[in-house]
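Peer 1: generate coordinates for the sequence data below:
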Amino acid sequence: MALWKETSSAGSPAAGGTPAAHAPTAVTELHGKPAERPAAESSGTEAARRAAPRPAPVESLIAAELSIEGKITGSGDVRIAGRFKGDVQVDGNFRTDAGARLEGQVRASVVVVGGEVQGNIDATKQVDVLSTGVIVGDVKAASITVAAGSRMRGHVEFGWDKKDGALELKGNARPV
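Peer 2: Residues are numbered from 1 along each chain as shown. I've put the predicted structure just below:
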């Protein structure tokens, strides 16, 4: 499969010319569908570079049949459908599917628990515990949503902001 469409001029191999005489056209072809080259290649202007589409976020997946031990760090989204033993620290979102199991600490922007997490969770934005979710550990998040049927054993802190080392309530919450 060609990554770009070749010209069929007299200098192309298709027309009996030498391979050095042909060059790819400005239109590329991927999986049989035409696609544009990045704007930075077609015109060197700064405005064209800013208008270039950004790649879609990528989700890393540990499949249901896999069991891995180690450490996950970086940016992007991570989804576990299998088993993972180790800590997870990502700038993106983290998710465990129903039937998945994680033994370790989790630090992410948004955490969705559909499987079992044995370890503490620290989410900068949101924790969602689905009806199939089980957490054995402490949870800290800006907000938390818990579905009926889920289970948890541990300490939960949500709705608090850290400012100057002190905890302050967010929104309309009142201390008890």
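
Peer 1: tell me which element Ala142 is part of?
Peer 2: strand 139-146 (DSSP states H and E).

Peer 1: which of the residues in that strand are buried?
Peer 2: 139-142, 144, 146 (16 or more other CB atoms under 10 Å). Where you see a C-beta, it was placed from the backbone N, CA and C, and this is true even at glycine.

Peer 1: okay if I get those residues as a markdown table plus pLDDT?
Peer 2: Shown next, in a markdown table, are the buried residues of strand 139-146 (pLDDT from 0 to 100):
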| residue | pLDDT |
| --- | --- |
| Val139 | 97 |
| Lys140 | 96 |
| Ala141 | 96 |
| Ala142 | 95 |
| Ile144 | 96 |
| Val146 | 96 |
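
Peer 1: name the nearest of these relative to Glu157.
Peer 2: Nearest to Glu157 among those: Lys140, at 4.8 Å, using CB to CB.

Peer 1: return the distance of the closest one relative to Arg79.
Peer 2: Relative to Arg79, Lys140 is positioned 21 Å away (CB to CB, to the nearest Å).

Peer 1: repeat that for Glu103.
Peer 2: From Glu103 to Arg79 the distance is 17 Å (CB to CB).

Peer 1: and if you look at Glu116?
Peer 2: Glu116 sits 15 Å away from Arg79, going by CB to CB.

Peer 1: what's the burial count for Ala81?
Peer 2: Neighbourhood size, Ala81 [other CB atoms under 10 Å]: 19.

Peer 1: domains for this protein, by residue range?
Peer 2: 4-51, 59-168 (automatic domain parsing).

Peer 1: worst average pLDDT in those domains?
Peer 2: Per-stretch mean pLDDT for the domains of the chain is lowest at domain 4-51 (a mean of 47).

Peer 1: which residues does Gly114 contact?
Peer 2: 95-98, 100, 130, 132-133 (CB atoms under 8 Å, 6 or more residues apart in numbering).
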